[in-house]
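A.B. asks: show me the folded form of this:
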Amino acid sequence: MNDDLDLMRRVVDYHDHIAAPPVLVADDLQRGRRRVRRRRGLLAGGAALGLASVVAAVSLLTAGGPDGSPQPVGPPMPTSTFEPVPGNPGLDGPLVAPQSILDVEELGFRVEGLPALSGTLKTDRQEIEVAVASSTFAVEVYYQGEGLGLTATDQPRQEVSINGVPGTVVERFDGNSHLTYLVWEYAPDSWASVWRSDDAYTPSRKAQILTIAEAIRPGGAAVRVPFRLGTASAPLLAAETVSQVSLPRDNDFWHVSFEGGLVVGGRSPARSSCDPSAVSSIVVQDFTYRGYTGCLLGTGEDRSQVSAIVLEVDGTERLVHRQDSPLTGDEIEDLKPVLADLTVATSDDTATWFDLRTALGG
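C.D. replies: Purely as a prediction, here's the structure:
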């Protein structure tokens, strides 16, 4: 599957052959998306992001196959050798995949003593990010039968114990990066991971990662999102095709992905993405729709193709783009009402937010 950890593995493996993506260090991506977009307390960002970076960030985080679905990578998962450990306070059973992402009413886990800074629901797993000593770590719990198998490049390894359950820590370096991750089977055919990427000079994170893993407990927070799609969304963004949903801690940045590659999102920028002084190189057309200002963002060498639509409503930006291919003229006109009809929470109080079926029309 094309997940964040696999992306980082590939960057390390092919460092001498590829250019590092703009989000190489996971925290750089998050830092831009949270507090300039909350992403994961991920470190208060300084400068506001241009929409181009938002689109790039959402694209990376929602990457999958041509239809938006996760793609398998690596070797087949090994035969389960899991043996329960009496008295283990951690996860006590497999996380079973729902029929639909929209069926998830609460997360299946939490990290005791460390509130989630953000989260993501995907078709194969649930993710959250937590912070220890101002550093953020990704925590991933896979549904039964899913997971990431270790490969020959996952070296050097160290066998560890997570509340009596065996696991493996891998700490990998290249000239510029230091990737540390812990993988273990928490229930039969059920896998979990805690990981972080740093600059190469950063001291070992193994102790912090193991502490987080041992604090994982069953039962998590209620799933709520700060947006609701309007009725205009139904023909283009069917609820049954949702493939990924971000779970923000506040309403500064959120997105939802659909099979077929369409991504709808929103954020509260310090500077408008349609401001020519901010992103003049990618704005190809300004427009007004239902009294709201907006713009089309271009892609390609001559910017002749439209990569995203932005609509500014009540001080927030709403955007839609499709991964890997431009939007056509007809799609642009069909998607403008999707953005105009969105309901976005005006408060960070999650009690005022929406459950997934209400938010996505399921």
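
A.B. asks: from now on I want contacts and neighbour counts done on CA atoms only, so please keep to that.
C.D. replies: Fine.

A.B. asks: shaky segments in the stretch 151-300 of the chain?
C.D. replies: 278-281, 300 (pLDDT under 70).

A.B. asks: any idea which residue of the chain is furthest from its center?
C.D. replies: Using C-alpha atoms, centre = their mean, the residue of the chain lying farthest from its centre is residue 86. It sits 34.0 Å away.

A.B. asks: for that residue, give me the pLDDT.
C.D. replies: For residue 86, the model assigns a pLDDT of 90.

A.B. asks: from here on, call the first residue 18.
C.D. replies: Okay, residue one is now 18; in that scheme the one you just asked about reads as residue 103.

A.B. asks: check contacts around residue 315.
C.D. replies: 299, 300, 301, 321, 322, 323, 324, 325 (C-alpha atoms under 8 Å, 6 or more residues apart in numbering).

A.B. asks: just to revisit the earlier point, on the three-state scheme, the residue farthest from the centre of the chain is what?
C.D. replies: coil (DSSP: H, G, I helix; E, B strand; the rest coil).

A.B. asks: which of the contacts of residue 315 are buried?
C.D. replies: 299, 300, 301, 322, 323, 324, 325 (16 or more other C-alpha atoms under 10 Å).

A.B. asks: which of these sits closest to residue 145?
C.D. replies: residue 325 (27.2 Å; C-alpha to C-alpha).

A.B. asks: for the closest one, what are its contacts?
C.D. replies: Neighbouring residues of residue 325 by C-alpha under 8 Å, 6+ apart: 72, 313, 314, 315, 336, 337, 338, 339, 343, 344.

A.B. asks: any weak-confidence spans in the stretch 18-167 of the chain?
C.D. replies: In the stretch 18-167 of the chain, residues with pLDDT under 70: 18-96.

A.B. asks: from the buried ones among the contacts of residue 315, which land in strands?
C.D. replies: 300, 301, 322, 323, 324, 325 (DSSP state E).

A.B. asks: circling back: ok, so of the contacts of residue 315, who is nearest residue 154?
C.D. replies: Using C-alpha to C-alpha, residue 325 comes nearest to residue 154 of those, at 30.2 Å.

A.B. asks: residue 312 versus that closest one, what's the distance?
C.D. replies: According to C-alpha to C-alpha, to the nearest Å, residue 325 stands 9 Å off from residue 312.

A.B. asks: surely residue 312 touches residue 323?
C.D. replies: No. With contact defined as C-alpha atoms under 8 Å, residue 312 and residue 323 do not form a contacting pair (10.1 Å).

A.B. asks: overlap of the contact sets of these two?
C.D. replies: In contact with both residue 312 and residue 323: residue 301, using C-alpha under 8 Å, 6+ apart.

A.B. asks: can you tell me the SS state at the closest residue to residue 189 other than its chain neighbours?
C.D. replies: Once flanking residues are discounted, residue 189 sits nearest to residue 196: 5.2 Å by C-alpha to C-alpha, 6 or more residues apart in numbering. Assigned with three-state DSSP, residue 196 falls in the strand class.

A.B. asks: quickly list what residue 196 is bridged to.
C.D. replies: Using DSSP bridges, the beta-bridge partners of residue 196 come out as residue 189, residue 214.

A.B. asks: returning to what we had before: next, the residue farthest from the centre of the chain: phi, psi?
C.D. replies: Dihedral pair for residue 103: phi -60, psi 130, per degrees, to the nearest 10.

A.B. asks: do you know how far it is from residue 180?
C.D. replies: In terms of C-alpha to C-alpha, residue 103 sits 10 Å off from residue 180.

A.B. asks: now residue 199
C.D. replies: Residue 199 is 13 Å from residue 180, by C-alpha to C-alpha.

A.B. asks: the two: which has the busier surroundings?
C.D. replies: residue 199 (24 against 18; other C-alpha atoms under 10 Å).

A.B. asks: excluding its backbone neighbours, what's nearest that one?
C.D. replies: Counting by C-alpha to C-alpha, 6+ apart, residue 186 is the residue found nearest to residue 199 once chain neighbours are left out, at 4.3 Å.

A.B. asks: which residues does that neighbour contact?
C.D. replies: Here residue 186 is in contact with 174, 175, 176, 177, 197, 198, 199, 200, 223 (criterion: C-alpha under 8 Å, 6+ apart).

A.B. asks: hmm, back to that, what's the spacing between the residue farthest from the centre of the chain and residue 110?
C.D. replies: Counting by C-alpha to C-alpha, the gap from residue 103 to residue 110 is 13 Å.
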